[in-house]
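# pasted the sequence and its predicted model underneath.
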Amino acid sequence: MFPAIISEDLTSVFRITASLKEPVRYSAIREAVAITSKRFPYFNVSLGSGIFWYFLEFNDQLPRIQSEEKIPCTAFAVKRKNEPLYRVIIKNKNISVEFIHILTDGGGALEYLKSLLYTYLTLTGKHISSPGEIILPGMPVSEEEFEDGYIKYFQKLPPPSKLVKALHLPYKLNKRPGLRVLSAEVKLDEFLEVSRKYKVSVTTYFVSVYLFSLQKIFFSGKEKSKKEKRKVLRIEVPINMRNKLPSRTMRNFSLFVLPEIDVRLGTYTFEEVLASVHHQLQLSTNIKQISRFLSSNVSYEKLLIVRILPLFIKKIVIAAIYRKLASKRWTGMVTNLGLVTLPAEMEDMVDSFELIPPPPNIKVKVCSALVSYKDKLKICFSNITQSRELERHILMHLSDAGIHVKILNYN
């Protein structure tokens, strides 16, 4: 799907950043990238195309090392021969990696970044006696790291239920390049204290705040048309399938669930939203239920008519389906990379982590990402509109709940 829909604006590129305690040394990071990338051969590929399918072909090109750009998560030149599909970005104390989703998801990218950090720190003279579960340069590459988790665990199941179309934010889009990023930081213990008060997870609490904020925006605007009143507010929440099924793959292995509130029934209190989201996530992340999405996705690939269609027709059809269906199924997106852990000796050298989600499509307009490290929870919004109202509602809700919010940067 990704090669068929990516463009200069819809890049499918995400970023993970590690902020160190000391400025990054270019000579050491250059050597660390060369060493680390050899250990992850499945990332040293470029995108090729045949008569029927896109494919990934191996090359000897290392990822580009570049300085920070004004706009993050810019498009890769995927049609350029031997063009790497990930890059390393350095600025001051920050080491960032940007991956296109064709290659991997957040789980795979984080493993690469951890390994890169370990190699870089040891090259700069830091002693790390116990690397824990970090993938080290000398470790043998397992065949499991190459595997396609979707194919491995595919079984024919009934498809998920059809969805009512989702409402979308009413804001005007920015002029190109339109992506704006806002990052905020909260104390993890304060966030956990509030979420535990309601007996829910960090993800459940934040998704509920997101939906509740969307509801405020929806009901504060002008009178809705009959067409709009037939829609719902729905959030896409990616799920790392490595936590559901035994897999060590470094390729994409995530699916998503879609908690919603049906505003056709009226307005909801925050407690009602929270209870609904909690139960929806509990049910939809059950392996039996989420496997229906896996089955549905892979089933299309296995259809004979799909297999024999020429690639140029597949691309047109996939792009059309995405515009007509997929982009209209959700109002926003929340991805939570979870708690990042490092060996004790490395923890003192790394200050924080941050995840920037891919630029949203022109229907969804805003998406967000969370990642926790030690005592900090970073929240990042990718926004292609002229409004910051959604971010303001979400962060004010957290602040009113007793969680201190610190705005780190925005553009």
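The structure has been received and is ready for your questions.
# going by C-alpha atoms from here, please, whenever you check contacts or count neighbours.
Noted.
# grab the most central residue of this protein for me.
In the chain, the residue lying closest to the centroid (CA atoms, centre = their mean) is residue 357, at 4.8 Å.
# number of nearby residues for the residue nearest to that one when sequence neighbours are not counted?
Ranked by CA to CA, 6 or more residues apart in numbering and with sequence neighbours excluded, the top spatial neighbour of residue 357 is residue 14, at 5.0 Å. Counted with other CA atoms under 10 Å, the neighbours of residue 14 add up to 22.
# dump the residue contacts of the residue nearest to the centre of the chain.
By CA atoms under 8 Å, 6 or more residues apart in numbering, the contact list for residue 357 reads 13-15, 335, 367-369, 380-382.
# tell me, what's the model's pLDDT at it?
Confidence at residue 357, expressed as pLDDT, is 97.
# quick check on it: phi, psi?
Backbone torsions of residue 357, given as degrees, to the nearest 10, read phi -70, psi 160.
# where's residue 378 relative to residue 356, distance?
Distance of residue 378 to residue 356, given as CA to CA, to the nearest Å: 10 Å.
# how many residues are close by residue 147?
Other residues within reach of residue 147 by the criterion other CA under 10 Å amount to 17.
# do you know the pLDDT at it?
Model confidence at residue 147, expressed as pLDDT, equals 92.
# can you pull the pLDDT of the nearest residue to it once chain neighbours are set aside?
The shortest distance from residue 147 to any residue that is not its chain neighbour, by CA to CA, 6+ apart, is 5.6 Å, and that residue is residue 249. Confidence per residue is given as pLDDT, and for residue 249 that number is 94.
# what about residue 249, how many residues close to it?
With neighbours defined by other CA under 10 Å, the count for residue 249 comes to 19.
# what secondary structure does residue 84 sit in?
Of the three states, residue 84 takes coil under DSSP: H, G, I helix; E, B strand; the rest coil.
# ok, it touching residue 58?
No - in this structure, residue 84 is not within contact of residue 58 by CA atoms under 8 Å, at 9.7 Å.
# which neighbours do those two have in common?
By CA under 8 Å, 6+ apart, residue 84 and residue 58 have these common neighbours: 44-46.
# tabulate those residues (a markdown table), appending neighbour count.
Rendered in a markdown table, the data for the shared contacts of residue 84 and residue 58 read as follows (neighbours: other CA atoms under 10 Å):
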| residue | neighbour count |
| --- | --- |
| 44 | 23 |
| 45 | 22 |
| 46 | 24 |
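# and of these, the nearest to residue 218?
Lowest distance from residue 218 to the shared contacts of residue 84 and residue 58 (CA to CA) belongs to residue 46, with 42.7 Å.
# the helix or strand where that closest one lies: partners in the sheet, and parallel or antiparallel?
Counting by DSSP states H and E, the element that carries residue 46 is strand 45-49. With DSSP bridges as the test, strand 45-49 is paired with strand 54-58 (antiparallel).
# where in the stretch 101-250 of the chain is pLDDT low?
Per-residue confidence of the stretch 101-250 of the chain (counting by pLDDT under 70) places the weak regions at 221-229.
# residue boundaries of the strands in the stretch 251-400 of the chain?
In the stretch 251-400 of the chain, strands defined by DSSP state E, counting those that start in this stretch lie at 254-257, 260-261, 332-340, 350-356, 366-373, 376-383, listed in chain order.
# could the ones you listed be laid out in CSV, adding distance to residue 123 and mean neighbour count?
Shown next, in CSV, are these (distance: least, CA to CA, whole Å; neighbours: other CA atoms under 10 Å):
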stretch, distance to residue 123, mean neighbour count
strand 254-257, 33, 19
strand 260-261, 48, 22
strand 332-340, 22, 20
strand 350-356, 15, 23
strand 366-373, 24, 24
strand 376-383, 27, 25
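# rebuild those strands as a markdown table, extending it with distance to residue 169.
As requested, the strands of the stretch 251-400 of the chain are arranged in a markdown table below (distance: least, CA to CA, whole Å):
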| stretch | distance to residue 169 |
| --- | --- |
| strand 254-257 | 20 |
| strand 260-261 | 15 |
| strand 332-340 | 9 |
| strand 350-356 | 20 |
| strand 366-373 | 8 |
| strand 376-383 | 11 |
